[in-house]
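Chemist: One predicted model, sequence on top.
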Amino acid sequence: MPQIRANPNRMELLKLRRRGAVARRGHKLLKDKLDELMKEFQGRIGANRRLRAEVERDLLAAYAQFAMARAEAGQGSLETALMAGEPGPLLSVDERSLMSVSVPVFTLDDLREPGGYSLATTPAVLDAGLSRLAEVAPRLLELAEREKAIELLAAEIERTRRRVNALEYVLIPSIDETVRSITMKLDEAERSNLTRLMKVKDMIARQETAEGL
């Protein structure tokens with residue numbers, strides 16, 4: 001594990017120990033956040049699958065009715081009927097915070113009643129298809145909102161996991177290795193100083209003994 005560049009002195013050792021303590025606290029907070037994100041993500045996956053199955057079922061039913069309408073009225077008449085009427089706003093978009101992640105909130109505006117086309121040239125099944133589509137629209141929007149939230153949560157999980165791994169496998173081990181290295185150097189220097197002091201003390205003692213003789 002590569003060490004961090006630092007001068008082998010007690011001041012640097014103290015700084016590194018403090019940095020290591022901060023890194024460990026940050027690692028714990030990020031690990032807790034990752035666990036909560038995973039719980040939220042997994043809970044949403046199950047609910048989203050159920051909602052998607054319901055939406056797909058109703059959409060298929062609506063598409064079947066449109067297919068019947070096209071068969072009865074013809075492609076041109078159907079397209080003309082669907083283009084009739086004035087377009088209006090469909091939805092508004094806002095944001096909210098979910099586990100510190102900004103996720104979109106979609107609000108469906110009031111849908112206009114199907115109309116604006118000739119009832120004489122369009123089959124009744126077209127009205128049924130449009131009504132079914134209007135009924136599924138709120139859940140379709142909810143599905144889009146949920147899936148976008150899941151996508152954003154997945155991205156945040158990946159970012160958080162990378163930060164946790166960087167702290168756990170790179171920064172904290174590097175700090176620990178550097179602390180051990182500096183501690184060993186300081187201990188070695190202290191032993192060398194102690195050895196020198198003992199030699200000096202021994203030399204002084206011998207000199208005093210010699211002078212006494």
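Modeler: The structure has been received and is ready for your questions.
Chemist: Of all the helix elements in the protein, which one is longest?
Modeler: When the chain is parsed with DSSP state H, its longest helix is helix 10-73.
Chemist: ok, for the most centrally placed residue in the chain, nearest residue in space, not its chain neighbours?
Modeler: For the chain, the residue nearest the mean C-alpha position is residue 156 (0.9 Å; Cα atoms, centre = their mean). Leaving aside its sequence neighbours, residue 156 sits nearest to residue 101 (Cβ to Cβ, 6 or more residues apart in numbering; 4.8 Å). In short, each C-beta sits where N, CA and C put it, glycine included.
Chemist: still on that earlier bit, packing partners for the longest helix of the chain?
Modeler: helix 75-82, helix 124-166, helix 172-212 (3 or more Cβ pairs under 8 Å, 6 or more residues apart in numbering; DSSP states H and E).
Chemist: Mind putting those helices into a markdown table with mean pLDDT?
Modeler: Below are the helices and strands packed on helix 10-73 laid out as a markdown table (pLDDT from 0 to 100):
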| stretch | mean pLDDT |
| --- | --- |
| helix 75-82 | 68 |
| helix 124-166 | 90 |
| helix 172-212 | 83 |
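Chemist: so which of those comes closest to residue 92?
Modeler: Set against residue 92 and scored by Cβ to Cβ, the helices and strands packed on helix 10-73 come closest in helix 124-166, at 10.8 Å.
Chemist: The closest one packs against which elements?
Modeler: Applying 3+ Cβ pairs under 8 Å, 6+ apart, one finds that helix 124-166 contacts helix 10-73, strand 91-98, strand 101-108.
Chemist: Of the ones you listed, give the one that comes closest to residue 124.
Modeler: Of the helices and strands packed on helix 124-166, nearest to residue 124 by Cβ to Cβ is helix 10-73, at 8.8 Å.
Chemist: angle of that closest one against strand 91-98?
Modeler: 150 degrees (axes from the mean of the first three to the mean of the last three Cα atoms, to 10 degrees).
Chemist: In this structure residue 149 contacts residue 98, no?
Modeler: Yes: using Cβ atoms under 8 Å, residue 149 makes contact with residue 98 at a distance of 6.2 Å.
Chemist: Those two: which has the busier surroundings?
Modeler: Each of residue 149 and residue 98 has its neighbours counted (other Cβ atoms under 10 Å); residue 149 has more, 22 against 16.
Chemist: tell me the contacts of that one?
Modeler: When contacts are counted by Cβ atoms under 8 Å, 6 or more residues apart in numbering, residue 149 touches 44, 98, 101, 103-104.
Chemist: what does residue 99 give?
Modeler: Listed by Cβ under 8 Å, 6+ apart, the contact set of residue 99 reads 33, 36-37, 40, 153, 156.
Chemist: What average pLDDT does the longest helix of the chain get?
Modeler: Taken as a whole, helix 10-73 has an average pLDDT of 91.
Chemist: surely the residue nearest to the centre of the chain meets residue 103?
Modeler: No: contact between residue 156 and residue 103 fails when scored by Cβ under 8 Å: they sit 10.0 Å apart.
Chemist: Understood, closing this out.
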